[in-house]
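Novice: can you look at this prediction? I've put the sequence above it.
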Protein chains: 2
Amino acid sequence: MRTALVIGTGLIGTSAAIALSGRGVQVYLTDEDPGRARTAAALGAGTDEAPDGPVDLAIVAVPPALVARTLAGAQARGLARGYLDVASVKGGPRRELEAAGCDLTAYIGTHPMSGSERSGPLAATADLFEGRPWVLSPTPETDTEVLNLALELVALCRAVPVVMDADAHDRAVALVSHTPQLLSSMVAARLAGAEEAAVRLCGQGIRDVTRIAASDPAMWIDILSANPGPVADVLSEVAADLAETVEALRALQAADEAKRTAGAAGIEDVLRRGNAGRERVPGKHGAAPATYEVVTVLISDQPGELARIFADAGAAGVNIEDVRIEHATGQQAGRIGLTVVPQAAPALTAALREKGWALRQ
Amino acid sequence: MRTALVIGTGLIGTSAAIALSGRGVQVYLTDEDPGRARTAAALGAGTDEAPDGPVDLAIVAVPPALVARTLAGAQARGLARGYLDVASVKGGPRRELEAAGCDLTAYIGTHPMSGSERSGPLAATADLFEGRPWVLSPTPETDTEVLNLALELVALCRAVPVVMDADAHDRAVALVSHTPQLLSSMVAARLAGAEEAAVRLCGQGIRDVTRIAASDPAMWIDILSANPGPVADVLSEVAADLAETVEALRALQAADEAKRTAGAAGIEDVLRRGNAGRERVPGKHGAAPATYEVVTVLISDQPGELARIFADAGAAGVNIEDVRIEHATGQQAGRIGLTVVPQAAPALTAALREKGWALRQ
């Protein structure tokens, strides 16, 4: 790939453009708002002048609802050899392209699994896609040459290509992204009208479950509007589990012991299926979650405490896999959990003890 | 408080005993399994010999279903001046104590909001309660002297006392602890039978939402069995939101534009209520969440990288409020998000850039 045209210079389009420009591709930028294309150009994403002939690859980086129209227009003008879009939903745009009579041999649908709570060209960075999955959904008609252009884009952005059918992609993101978002919002919504005394009892569990409930509603309405069917399907399955769980809890209140036993079995079932599902969530580096140990250290709230602790861990030659800081309620102290491979835990414990740190067993 | 009797030497009882012993209280330990009491004594929690007269405070640290029977037995033998329990549910045990004709003037129900994924005396530590809320639920009959003994226990364990009605406590933990647990399990349960390709797309959002789905089912069955009514009530409210959300998603698929608009409004409503609830989750030190900035740094997977980064941050005099490590899929690299107060972000950014770190804007 020597030349590319990015149509739509928001977060994703501009980030891809910066990555391509940084790796020697001549990138042309266009946006329905010329000021945004100019901003992207000023950030080193390429030039906002028009190319003087067809480019190798046109990257359509517009919201899902605009993909078909934008792509059809670009093809009609013969702007590129190959065309792809990067919208977060793949089935709907594909069907719209077919209906619009677009050339599907020159097209591939794609979705980089990257994002940010920020948007627009100013939030763009060359490393946005680094190490993240980038889904490619070729049609049966897609030319091999176009697939290879897409693979080159993914490689230049240092993402990890994952080939997946468009509808399978939409069901997958409904499951791993859209459903967790909505359920996180629903758990958080219960707190909106709660008594202050209850909210004070929040711990790390609810804090983690509701983190993404802080997301931007406007962005999520766009995403969910483009994928309502698959999300409704997964939510309906959750609703069935929820109804059974409420019934199981009511059975736990029964006078009849057999009913209580059945209730406990119902609760156990959902908890065990949750265990099984959680075990499948990829851990570090996309591998199956390894068994780690957590070494917990008490820290005070002073600058340099974390530096000291990591310096001491580093001096012991131990690689920290993950870090969790838990803060105490109402006090200027907290504890930090250092996740390490089990073999490293004794060395880390000994090294930190020797340096005077207070450890939890 | 000069003497205490801990009845039940599991994680909570032994941790309290270690904290009290370490601060000069003479602690006696008993357990229906004498071996566990011996283990606790060996850990420095106190003595497993019987006291030769009534102690100041008896701490009943047995599962919720056994609280009333254990406490009635202890009162019948006149083992202490004051009695409290530490079970995770407060309404049921209180009603059972009343029914059993216990002396409620000498009793106070309490619940330390601490725990661990581990259990038993060997998991106990003196700092288990440090900085955590410890709920006190006095009855109208509770003697002031007994309330003060409980407050002294909380202070010696360095926890933060929160006075709360027993039923209000049970509703609060249903909301902030039991409901998030079950919904986390339900989101994770959807992954149990999912296709491998879908699971590969999991990102940080679902990882956070499903973290507590890894919890021990047996422990949660005990907890939920003691609080089924309030949990079922909160889950029913979530179920109502869920049904409305499914309906809104189906409306988004309608041909009629007015229906689609109504669907989008329904989705927006649940997302906005989620925003409002999330804003109430206490952040660091129990305060309202402050506005922080996140400085994102690319790191390689080498021992010492974290040490270097925290040393460099520490040298800049910047206090890191929180740390989030995001690992790349399938690659030996990741990025680390350092949360700091906004005023500190420019200094941290400059200091890390100067040291050669690659930063995300």
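Specialist: Here it is on my side, so go on.
Novice: check the gap between the residue of the stretch 51-200 of chain A found nearest chain B and residue B:352 for me.
Specialist: Here the residue of the stretch 51-200 of chain A nearest chain B is residue A:131; by C-beta to the nearest C-beta that distance is 2.3 Å. Bear in mind the C-beta positions are built from the backbone N, C-alpha and C, glycine included. Residue A:131 is 20 Å from residue B:352, where distance means C-beta to C-beta, to the nearest Å.
Novice: kindly report the same for residue A:324.
Specialist: 22 Å.
Novice: cool, residue A:32 as well?
Specialist: Distance from residue A:32 to residue B:352, by C-beta to C-beta: 37 Å.
Novice: more neighbours, these two?
Specialist: residue B:352 (20 against 12; other C-beta atoms under 10 Å in any protein chain shown).
Novice: hang on, the more buried one in a strand?
Specialist: No - secondary structure of residue B:352 (DSSP: H, G, I helix; E, B strand; the rest coil): helix, not part of a strand.
Novice: quick check: residue A:100 touching residue A:72?
Specialist: Yes - using C-beta atoms under 8 Å, residue A:100 makes contact with residue A:72 at a distance of 4.6 Å.
Novice: more neighbours, the two?
Specialist: residue A:72 (18 against 14).
Novice: got a list of what that one touches?
Specialist: Contacts for residue A:72 were tallied using C-beta atoms under 8 Å, 6 or more residues apart in numbering or on different chains; they are A:97, A:100-102.
Novice: now, of the residues you listed, which are buried?
Specialist: Buried members of these, scored by 16 or more other C-beta atoms under 10 Å in any protein chain shown, are A:97, A:102.
Novice: in helices, which of the contacts of residue A:72 fall?
Specialist: residue A:97 (DSSP state H).
Novice: so which of the contacts of residue A:72 comes closest to residue B:225?
Specialist: The shortest approach to residue B:225 among the contacts of residue A:72 belongs to residue A:97, at 54.4 Å (C-beta to C-beta).
Novice: out of the contacts of residue A:72, which two sit at the greatest distance?
Specialist: Greatest spatial distance in these: A:97 and A:101, 8.5 Å, computed using C-beta to C-beta.
Novice: can you show me the strands along chain A?
Specialist: A:3-7, A:26-30, A:55-60, A:80-85, A:107-112, A:133-137, A:160-163, A:293-300, A:322-327, A:333-340, A:359-360 (DSSP state E).
Novice: lowest-confidence stretch among those strands?
Specialist: Confidence, taken as mean pLDDT, is least for strand A:322-327 of the strands of chain A (a mean of 69).
Novice: if I pick residue A:236, what's in contact with it?
Specialist: Contacts of residue A:236 by C-beta under 8 Å, 6+ apart are residue B:246.
Novice: sorry, wrong one. I was asking about residue A:136.
Specialist: A:108-110, A:147, A:150-151, A:154, A:161-164.
Novice: can you list those in CSV and add distance to residue B:204 and neighbour count?
Specialist: Formatted as CSV, the contacts of residue A:136 follow (distance: C-beta to C-beta, whole Å; neighbours: other C-beta atoms under 10 Å in any protein chain shown):
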residue, distance to residue B:204, neighbour count
A:108, 27, 26
A:109, 24, 29
A:110, 21, 25
A:147, 29, 17
A:150, 25, 27
A:151, 25, 16
A:154, 20, 22
A:161, 20, 16
A:162, 17, 22
A:163, 23, 14
A:164, 20, 25
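Novice: the residues you listed also near chain B: which ones?
Specialist: Among those, the residues that sit close to chain B (C-beta under 8 Å from any C-beta of the partner chain) are A:162, A:164.
Novice: nearest to residue B:186 among the contacts of residue A:136?
Specialist: residue A:164 (25.0 Å).
Novice: what about the closest residue in space to the closest one that isn't next to it in sequence, distance to residue A:166?
Specialist: Once flanking residues are discounted, residue A:164 sits nearest to residue A:135: 5.1 Å by C-beta to C-beta, 6 or more residues apart in numbering or on different chains. Note on residue A:135: its distance to residue A:166, by C-beta to C-beta, is 9 Å.
Novice: now do the shared contacts for the two.
Specialist: By C-beta under 8 Å, 6+ apart, the residues touching both residue A:135 and residue A:166 are residue A:90.
Novice: need the contact list for residue A:169.
Specialist: Neighbours of residue A:169 in contact, by C-beta under 8 Å, 6+ apart: A:90-91, A:111, A:135, A:137.
Novice: which residue packs closest to it, ignoring adjacent ones?
Specialist: residue A:90 (4.8 Å).
Novice: surely that neighbour is in contact with residue A:170?
Specialist: Yes - if you go by C-beta under 8 Å, residue A:90 and residue A:170 touch, sitting 5.8 Å apart.
Novice: now for the residue nearest to residue A:169, how many residues are close by?
Specialist: 27.
Novice: and it, how far from residue A:234?
Specialist: Taken as C-beta to C-beta, the span from residue A:90 to residue A:234 is 17 Å.
Novice: same deal with residue A:195?
Specialist: 32 Å.
Novice: repeat that for residue A:164.
Specialist: From residue A:164 to residue A:234 the distance is 17 Å (C-beta to C-beta).
Novice: list the contacts of the closest residue to residue A:341 other than its chain neighbours.
Specialist: Among residues not flanking residue A:341 along the chain, residue A:292 sits closest, at 6.3 Å (C-beta to C-beta, 6+ apart). Applying C-beta under 8 Å, 6+ apart to residue A:292 gives the contacts A:321-322, A:339-342.
Novice: now those in JSON lines, with neighbour count?
Specialist: Output for those, formatted as JSON lines (neighbours: other C-beta atoms under 10 Å in any protein chain shown):
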{"residue": "A:321", "neighbour count": "22"}
{"residue": "A:322", "neighbour count": "18"}
{"residue": "A:339", "neighbour count": "18"}
{"residue": "A:340", "neighbour count": "21"}
{"residue": "A:341", "neighbour count": "13"}
{"residue": "A:342", "neighbour count": "10"}
